[in-house]
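Engineer: I would like to see how this sequence folds:
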Amino acid sequence: MAGYIQLGRHAHSARCHCFARLVKLTLAIHPNLLSLLFTMNKKTAYSLGVASGLETAKYGGFSQNELTDLDSFLSAASDILSNKRQYADSPTYDFAREPNAESLFDAFDSGETVGLNKGWRKLSPERKRAEAQQALNEAFSAHSRGEYDFLKVVSDLSEIPADYRGEVLHINDHGNATLYIKSARKLKEIASRV
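Structural biologist: Next comes the predicted model:
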C-alpha cells in the first residue's frame, strides 16, 4: 500500500514538472501568451466592483445621518471609494494596462454601485438602530422646546394613561431618557440614552 501512495506522489510530481516545462517552452515561443490568457474582462471587473462596494458599505464607518438617509450614505461611500482607488492594491491600477480599459472602468463602476446598494440593504440592523436613536434625539429636542403634540413625557412609566396610544418619552430622575411606542397591548422600547 505504501508503494502505491509513493507511486501516486511521484506521478503527481512528474505531471507538475511536465506542465511547468510545457509552460516554459510555450512562453519561450510566445512571450505574450500569459497576458493573453489573463486579460481582464468586463465580468471580472464588474465582480471586483461589487466586492469593492460591499466592502465599503461594511467597513465605511458611517455616521447616524448617513445610515438613515440613502443619499447621504451614497455620497459618503463615493468619497471612500474614490480614496480607495488611489492605493496601489486597487484593481483599477490593473485596468489602465488593459486594451479595453474604458469598458473595464465602466463595468467596475457599475459593480461598485450594485455593491453599495447591496451593502445598504445588509446594513438594515445598523440603519434601524440609527433611525431609533434619531427618533429619540427628535423626541428629546421636542421635549426641551416644550412641544408635546406627538409625545407623552413621563418620569415614571405608571404615569402613562391606559387609553394613550403613541410615543412616550420616559425621563427618569437621573436624566436617562427612553423612547417607547405605546400600543393597545404593549409598551415597546425604541431607543434609550444614558
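
Engineer: remind me which residues of this structure are low pLDDT?
Structural biologist: 1-39, 88, 148-149 (pLDDT under 70).

Engineer: Can you give the domain ranges for it?
Structural biologist: 1-38, 40-122, 128-193 (automatic domain parsing).

Engineer: Please identify the most buried of these.
Structural biologist: domain 40-122 (a mean of 16; mean count of other C-beta atoms under 10 Å). All C-beta atoms are positioned from the backbone trio N, CA, C, and that covers glycine.

Engineer: can you give me the strands for the chain?
Structural biologist: Secondary structure of the chain by DSSP state E: the strands cover 151-154, 166-171, 177-182, 187-193.

Engineer: Contacts for the longest one next, please.
Structural biologist: Translated: strand 187-193. 129, 132-133, 135-136, 140, 157, 160, 167-168, 176-182 (C-beta atoms under 8 Å, 6 or more residues apart in numbering).

Engineer: switch the cut-off to 7 Å
Structural biologist: Outside of strand 187-193, the residues within contact range by C-beta atoms under 7 Å, 6 or more residues apart in numbering are Ala132, Gln133, Ala135, Leu136, Asn176, Ala177, Thr178, Leu179, Tyr180, Ile181.
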